[in-house]
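1. Starting from these lines, generate the structure:
(chains A and B)
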Number of protein chains: 2
Amino acid sequence: MPAEAPLLGAIEAGGTKFVLGVGTGADAIVDQVQIPTRDPETTLAETIAFFRKHPGLAAIGIGSFGPLERDRSAAKWGHILATPKPGWSDCDLAGTIARALGVPVAFDTDVNAAALAEARLGAARDAKVSVYVTIGTGIGGGVIADGRIVGGTGHPELGHMRPRRAPDDREFAGHCPFHGDCLEGLASGPAIIARWGQSLSHLAPDHDAHGIIAGYLAEMCNTLRAALAPDAIALGGGVMGTPGLFERIVAEAGTCDGGYFALSAEKVIRRPALAPISGLAGAFLLAADLL
Amino acid sequence: MPAEAPLLGAIEAGGTKFVLGVGTGADAIVDQVQIPTRDPETTLAETIAFFRKHPGLAAIGIGSFGPLERDRSAAKWGHILATPKPGWSDCDLAGTIARALGVPVAFDTDVNAAALAEARLGAARDAKVSVYVTIGTGIGGGVIADGRIVGGTGHPELGHMRPRRAPDDREFAGHCPFHGDCLEGLASGPAIIARWGQSLSHLAPDHDAHGIIAGYLAEMCNTLRAALAPDAIALGGGVMGTPGLFERIVAEAGTCDGGYFALSAEKVIRRPALAPISGLAGAFLLAADLL
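-> Modelled structure (predicted):
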């Protein structure tokens, strides 16, 4: 008989909410709560109080909003780096929790965690190489190869690649404070609202916005296919909830790739299987991998 | 005392020449020849004849031009796929050599092999995640994470991403038969000659071409930084021999990234350390990894 699976903690640390879970994995959660993201002191105190109710945790995994320091050998490991989010720049998120609870902590981006979960348990289970992208308040993603996060000193910033502008769409200057019309500045939820005054799902189905956004996200998929030849790209996040958007992206990616890649756009581009808990599921995996 | 290192064969199979080597590794080559790439029958017969002079090979590694089938579980493993190169489409490159010599054969793209060599032995030795890109007759590359090739069913086709066109450079339609003005259609050696009648190194140092090409290659570097956060990107190939081009790319990438990435362009973008034998060195590593 196998030994009893260890009890783990998981944190999906987002810009608007923290989701906290305890269990032996995402399929066996014994307690889960959601708290609003306020200042670091309040938020971390509530987080620590939740986990104190569950003694005996073997490890805690954190998938967090970024930018952050994921390199264990770095002095700032576990910290949030420079962020526009008030109060959170330089917050020692992982270290504070590890010290308060005396438990080993794993720390990575929320999107790397979600990518790991989709690769091991979800939409990309059959893939040797896969990418998870969330298109929502921001655009971010993670890359998995052979069941492991592809990550060096930094972490991907998928939203900040610059897609080719469509010939009939060169006016909008973009909404990214760093790069203007990078992908996030063109196709994130706030960029769409800044441009058209409403979210994509509220714009009429025949509005030009649908084709424009699908085009930029298709371009992103094809850039990832050229760079990495992933077997799967899972597209999640609030913007992807827009009816018809997924189908438009797949069609557009298949049209503009020139039939050049080994796998078709239809085969590669997928919906996440674990949403909305991809990130929390990944945080459990990060914790389990520590042991 | 360690056992004697096994004798290995290595093939860098290029579109114009095959480089063949025998040794215990790239730093201990006992025999090396170069033969012109003619039709498959002639070229493979000469290749096999060379290795027959070296009995006792433990394995042979092949880094080949593509597109090719690198998936060992696929029926067409070891084959060149559809290529404009006359006679080579559907050639069973790896299988022919394995059967003729009775030796285990490893098979991957020339650029994946070069990327592996630069990551383990060369310019990216300190990197957890690295990319090698060659800019020459074509543009191609490979991605390495934790000393292993990142590869799924297919292989990257880095040259076929579409960089954003510069505002003052939207006229040239591009030279890629599949995509027109993809990166390879804009910045490969043949694209440069098709456009300006000469190679980049023969155009006057104040010719606009230098800035245009540097801009597209800087864009490629920043796209890779956004997608993967590599610790190192090594830029090789004939076009990179143009005086001043490397420096222009680094400067341009550093200017247009908005300071957003964890590592600076100066730190990430590098020259290959093993050129011109990056590919052959990688083929030795592919062979060694089989054992």
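2. which residue sits closest to A:Gly25, ignoring its sequence neighbours?
-> Counting by Cβ to Cβ, 6 or more residues apart in numbering or on different chains, A:Phe284 is the residue found nearest to A:Gly25 once chain neighbours are left out, at 5.1 Å. For every residue, glycine as well, the C-beta is placed using N, CA and C.
3. and that neighbour, backbone torsions?
-> phi -60, psi -40 (degrees, to the nearest 10).
4. how close does A:Glu4 get to A:Ile80?
-> A:Glu4 is 34 Å from A:Ile80, where distance means Cβ to Cβ, to the nearest Å.
5. and the residue lying closest to A:Ala82 once chain neighbours are set aside, which of the three is it?
-> Among residues not flanking A:Ala82 along the chain, A:Ser89 sits closest, at 5.2 Å (Cβ to Cβ, 6+ apart). Of the three states, A:Ser89 takes coil according to DSSP: H, G, I helix; E, B strand; the rest coil.
6. Going by proximity to chain B, name the top residue of the stretch 51-200 of chain A.
-> Nearest residue of the stretch 51-200 of chain A to chain B: A:Gly154, at 3.1 Å (Cβ to the nearest Cβ).
7. and that residue, what does it touch?
-> For A:Gly154, the contact set (Cβ atoms under 8 Å, 6 or more residues apart in numbering or on different chains) comprises A:67, A:70, B:229, B:231, B:261-263.
8. Would you convert those residues into JSON lines that also reports secondary structure?
-> JSON lines is the format used below for these (three-state DSSP):
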{"residue": "A:Pro67", "secondary structure": "coil"}
{"residue": "A:Arg70", "secondary structure": "coil"}
{"residue": "B:Ala229", "secondary structure": "coil"}
{"residue": "B:Asp231", "secondary structure": "coil"}
{"residue": "B:Phe261", "secondary structure": "coil"}
{"residue": "B:Ala262", "secondary structure": "coil"}
{"residue": "B:Leu263", "secondary structure": "coil"}
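9. ok, those vs B:Ala187, which is closest?
-> B:Phe261 (21.7 Å; Cβ to Cβ).
10. Check which helix or strand the closest residue to that closest one other than its chain neighbours maps to.
-> With sequence-adjacent residues excluded and distances taken as Cβ to Cβ, 6+ apart, B:Phe261 is closest to B:Arg225, at 5.1 Å. Of the helices and strands defined by DSSP states H and E, B:Arg225 is found in helix B:208-228.
11. Now do the phi/psi pair for the most centrally placed residue in chain A.
-> The residue lying closest to the centre of chain A (Cα atoms, centre = their mean) is A:Val111, at 2.3 Å. Dihedral pair for A:Val111: phi -80, psi -30, per degrees, to the nearest 10.
12. show me the contacts for it.
-> So, once contact is read as Cβ under 8 Å, 6+ apart, A:Val111 ends up touching A:63, A:132-134, A:140-142, A:156, A:158, A:279.
13. what mean pLDDT does the helix holding B:Arg225 have?
-> Throughout helix B:208-228, pLDDT has a mean value of 97.
14. in its sheet, what does the following helix or strand past it sit against?
-> Sequence order places strand B:232-236 as the next helix or strand after helix B:208-228, per DSSP H and E. Strand B:232-236 sits in its sheet next to strand B:129-135 (parallel), strand B:269-270 (parallel), going by DSSP bridges.
15. what comes into contact with the shortest one?
-> Residues external to strand B:269-270 that are found in contact with it (Cβ under 8 Å, 6+ apart): B:123-124, B:221, B:232-235, B:246, B:249-250, B:253.
16. which of those residues lies closest to B:His210?
-> Distances from B:His210 to these, taken by Cβ to Cβ, are shortest for B:Ile249, at 10.3 Å.
17. Chain A versus the closest one, what's the distance?
-> 16 Å (Cβ to the nearest Cβ, to the nearest Å).
18. Quick check: that residue touching B:Tyr216?
-> No. Between B:Ile249 and B:Tyr216 there is no contact under Cβ atoms under 8 Å: 9.3 Å.
19. ranges for the helices of chain A?
-> Here chain A has its helices, by DSSP state H, at A:40-52, A:93-101, A:110-121, A:183-187, A:189-196, A:208-228, A:245-256, A:265-268, A:278-290.
20. Perfect, I'm done here.
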